[in-house]
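Undergrad: Okay, predicted coordinates and the sequence, questions at the end:
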Amino acid sequence: MALLVEARNYVAFQEAKDQRGLPPQVRLQISYESLRVTSRLTQVMAWLLALKAVHAHELTADQVLGDQFALSGGAICSDPSGPDNGELPAGLRSLLQRSHSLYMRAERLEDQYRRSVA
């Protein structure tokens, strides 16, 4: 949750400041990478909420195993690039690295969950 709040605060309050005076291609890259952070966190939160619903007996394990609740955005969300791009602001690079780490952990947990239920 702390990472989600930090990402929200970055997009709401810092992103525009970081883009001032930068060339258009760098501003576009900042916007793209911010969306990647948002996508990763949205996917992870949705999957965790579905898993929580299983534990609360609001959904069945079979329902959560379907495509509707699966992590998606694989190629974009699992791409580790971004934190090494020196043109990006340090705060965004940190969010990229941490959101990637979280997404990859969730992907491994989802895989383990699928194997344990199947």
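TA: Sure, I can see it.
Undergrad: dump the residue contacts of the spatially most central residue of the chain.
TA: Residue closest to the mean C-alpha point of the chain, counted by CA atoms, centre = their mean, is Arg40 at 1.5 Å. Applying CB atoms under 8 Å, 6 or more residues apart in numbering to Arg40 gives the contacts Gly73, Cys77, Ser99, His100, Leu102, Tyr103. From N, CA and C alone the C-beta is placed, and that goes for glycine too.
Undergrad: Among the residues you listed, which ones are in helices?
TA: Taking DSSP state H, the ones among the contacts of Arg40 that sit in helices are Cys77, Ser99, His100, Leu102, Tyr103.
Undergrad: now the residues you listed in a markdown table, with distance to Arg8 and neighbour count?
TA: Formatted as a markdown table, the ones in helices among the contacts of Arg40 follow (distance: CB to CB, whole Å; neighbours: other CB atoms under 10 Å):
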| residue | distance to Arg8 | neighbour count |
| --- | --- | --- |
| Cys77 | 18 | 22 |
| Ser99 | 12 | 26 |
| His100 | 18 | 20 |
| Leu102 | 15 | 17 |
| Tyr103 | 17 | 25 |
